[in-house]
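Colleague: Curious how this folds, go ahead:
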Amino acid sequence: MDKPLPDKEGKVQLQNGGKPGAAPAVDFSGAPIGAYNPALTAVAWENADQGKKALKDTPKGRGLIRLFSRGVMGATGFAVGGLIADRLMVGYTPHVKINYLKNPVQGIARAYDNLFGKPMVGALKLMGHDGEAFVNSFRNSRQFEGYAQKGRSLGHEVVMVTFDFATMSIGDFWGRKIVHTLDPNRQKPAWKRGDGSIDWTQAAKTFGRNWWSAITYSAGEDWAVAVPYVLTMRHVGTPIIDQFVPGYRFEFDSNGNGGGLLVGDHGRITGNFTGAGVFNLWERFTTYNVGTLLFRESYHWVGSHLKHALDHKTIPAMVEADPANPNRSAFETVIDGTQQFANWLARGTIKAVTYMVPAVPFFWITRTPQHKFQGAFTHPEKGVLTYLEGGVMKPVRIKTPIDSPHFNAQTPVYYGEVGKPAVNPFLHAQGGKIDPHAKSWGALDAMLNPIAKANDAVRGALRKPIGKIYEKAFSRSKALKLTAAGGLDRADTYINAAIAYTPYFWAKSDWLADKWDYGRMDVSVDRTLAGAVTLNPGEFKAGVGEIWQSLKRQPLKDPQRETYAQCVEATDATPSDNKFDINPLAGQSCDYLLPKYVETVKKQQTALPNPKTSGLSWQERTIQGKPEDKPEIGANSPKSYAEKEEMRKALEAMVPPTPSIN
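Modeller: Numbers count the residues shown, from 1 in each chain. This next block holds a predicted model:
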């Protein structure tokens with residue numbers, strides 16, 4: 001849900017003419033550790049040139065950006081997107097006739113039902129399974145309008161789960177763009193002339209490109225992973241948790257996120273779902289972000305290959321060349337490609353899990369307790385307690401006596417799963433109200449209760465003025481018009497989203513992913529995987545050690561491996577966690593620097609001339625480094641003003657607006 005692109009598509013061009021599969025003409029094999037001069041890093045250059053860093057260049061600055069991009073723009077997108085989906089998906093089923101122009105939201109749902117749902121149903125039927133039960137029974141403890149049976153279709157579930165995520169991603173994207181434009185320490189945008197005037201043609205092009213990126217890249221990742229995400233929640237994560245915490249599937253179906261309460265046969269509260277909700281958010285957000293990381297890397301892979309094809313009028317290699325076997329057969333190429341693809345999937349999974357496991361607590365620490373004020377009452381076997389209002393069965397929640405003027409302790413309630421009468425839990429409440437924070441159920445709940453109270457205090461102070469804003473904003477919309485109660489509901493959604501998602505995205509995208517998702521980590525994970533696949537304990541142990549070095553942002557202990565890692569970082573010009581890890585730069589591979597290929601490469605390459613006396617560019621001097629183990633800082637710096645300007649532009653293109661990962 002968060003995926004910045006570079007402001008400009010810049011790449012380090014190794015001097016090999018861009019030929020697919022060619023080794024870098026610049027020889028890394030003799031470069032010692034430290035051949036990359038620290039003085040030539042983007043941050044050091046910015047410090048030397050300007051004295052001040054752009055907000056995007058520090059974790060603290062990126063945190064400030066997040067306060068606006070996620071806390072204001074993204075949370076607004078989430079609240080508005082949820083409203084649009086709620087209203088426009090009313091009455092949808094996979095079989096009802098829809099008008100795609102008047103209701104494109106239902107058109108999205110129908111597309112998922114037709115493109116993914118129907119083929120899966122057919123395939124499962126051929127295998128002798130009940131395809132309808134697997135594909136079209138989401139939230140099957142609830143009855144949805146228009147459906148003959150409980151539950152809803154794949155497309156319906158995808159839209160209700162994803163639409164607000166996608167609009168939040170778009171809001172966050174534009175929030176970052178706005179801050180980057182206003183940041184006085186950022187490089188002047190391409191549409192702003194030297195005299196301060198605006199080049200409106202260039203501005204229009206930039207605006208169009210940004211919208212393309214916002215839709216296909218930022219929101220695109222949410223739609224890309226939607227099907228596996230909802231399927232794993234429905235058939236893997238939730239059922240497993242329900243085995244350990246009976247009744248959680250009902251809590252999940254009511255969108256409780258662990259904020260609901262457990263009740264017994266007599267309507268008394270016997271516990272809550274805090275622990276289950278925390279674990280559910282942990283596992284499902286980690287799974288989700290494995291998919292979004294793979295999407296982003298695929299997006300860059302496709303983009304880089306298309307750009308290469310357009311620039312060089314040739315189709316780039318789809319599979320990295322093997323330096324030890326330059327004349328491999330078509331069959332060997334397919335095998336190599338399959339292995340590279342499997343390695344990429346495994347590496348992406350490991351990387352995402354590495355930073356998501358410590359990042360998700362920044363989310364559930366507020367997201368689960370902030371749902372307590374509207375938690376539902378659930379019997380572990382008989383389902384969520386419901387009541388009849390306006391001819392519709394609705395779940396009984398903590399806030400129902402406040403929101404519904406017709407509900408009180410005497411209102412008949414029923415078990416949603418079995419439809420039989422139940423005891424109204426408010427019969428046991430003093431004053432007709434239940435305080436979800438009055439008692440803690442376990443150590444975790446006790447830890448989160450103060451956070452829940454603080455969240456409620458903030459929400460209570462802000463919901464009325466913000467609710468008025470939402471009510472007024474949609475007062476002229478026939479489809480989205482809000483009552484006063486509806487405005488307060490949108491305010492609750494906005495405030496809770498801002499509180500929960502802002503620190504989470506900073507921790508995930510601007511801190512952990514920025515620190516851990518980079519070239520050296522890729523190299524280390526690859527070695528670990530190679531050791532595991534080949535059943536080589538020594539190689540596996542060495543790979544794990546390199547992962548630890550990468551986590552600490554320290555050089556690898558093996559000088560040759562460190563040189564290889566530096567090459568990977570130099571050829572990977574895309575943002576942190578959006579790394580173009582398959583076949584970087586469409587064929588220019590650092591694999592020639594792997595120890596097993598070094599001898600082969602040395603036979604194929606001639607020595608470079610002395611950088612002091614040759615006409616090497618600043619890029620070549622930087623990559624080659626000095627022959628000493630510890631080169632003098634600044635020795636490889638650009639020599640002329642023209643070279644400095646060229647370097648500044650190249651480094652600016654390599655630095656993402658907000659390094660991060662959804």
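Colleague: which SSE is Lys177 in?
Modeller: Secondary structure assignment for Lys177, by DSSP states H and E: helix 154-182.
Colleague: next one: Val384
Modeller: strand 383-389.
Colleague: just Ala457 next, same as before
Modeller: helix 443-473.
Colleague: ok, Lys177 touching Arg209?
Modeller: No: using CB atoms under 8 Å, Lys177 makes no contact with Arg209, being 10.9 Å away. In this view, the C-beta of every residue, glycine as well, is placed from N, C-alpha and C.
Colleague: So those two - more neighbours on which side?
Modeller: Lys177 (22 against 12; other CB atoms under 10 Å).
Colleague: In space, what's closest to the more buried one - neighbours in sequence excluded?
Modeller: Asn210 (6.1 Å; CB to CB, 6 or more residues apart in numbering).
Colleague: again, but for Gly416
Modeller: Gly383 (4.0 Å).
Colleague: Repeat that for Val179.
Modeller: Nearest one to Val179, counting by CB to CB, 6+ apart, is Ile65 at 4.9 Å.
Colleague: so which strand or helix has that neighbour?
Modeller: helix 59-68.
Colleague: re the thing from before, count the residues that sit near the residue nearest to Val179.
Modeller: Neighbours around Ile65, by other CB under 10 Å: 24.
Colleague: so who does it touch?
Modeller: By CB atoms under 8 Å, 6 or more residues apart in numbering, the residues touching Ile65 are 55-56, 175-176, 179-180, 510, 658.
Colleague: possible to save those residues as a markdown table with neighbour count?
Modeller: Listed next are the contacts of Ile65 as a markdown table, based on neighbours: other CB atoms under 10 Å:
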| residue | neighbour count |
| --- | --- |
| Leu55 | 21 |
| Lys56 | 24 |
| Gly175 | 24 |
| Arg176 | 26 |
| Val179 | 24 |
| His180 | 20 |
| Asp510 | 27 |
| Thr658 | 30 |
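Colleague: residues in contact with Asn210?
Modeller: Counting by CB under 8 Å, 6+ apart, Asn210 has contacts 173-174, 177.
Colleague: Dump those into a markdown table; add pLDDT and distance to Thr216 as well.
Modeller: Below are these laid out as a markdown table (pLDDT from 0 to 100; distance: CB to CB, whole Å):
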| residue | pLDDT | distance to Thr216 |
| --- | --- | --- |
| Phe173 | 96 | 11 |
| Trp174 | 96 | 15 |
| Lys177 | 93 | 15 |
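Colleague: Could you look up the SS state of Asn496?
Modeller: helix (DSSP: H, G, I helix; E, B strand; the rest coil).
Colleague: quick one: pLDDT of it?
Modeller: We have a pLDDT of 97 for Asn496.
Colleague: and if you look at Val26?
Modeller: 42.
Colleague: do the same with the one 5 residues further on
Modeller: In the predicted model, Ala31 carries a pLDDT score of 42.
Colleague: just Asp336 next, same as before
Modeller: Note on Asp336: pLDDT of 87.
Colleague: Likewise for Pro323?
Modeller: Looking at Pro323, the pLDDT reads 70.
Colleague: For it, give its distance to Tyr299.
Modeller: 28 Å (CB to CB, to the nearest Å).
Colleague: For Tyr248, list the residues it contacts.
Modeller: With CB under 8 Å, 6+ apart, Tyr248 has these contacts: 238, 241-242, 273, 276, 280.
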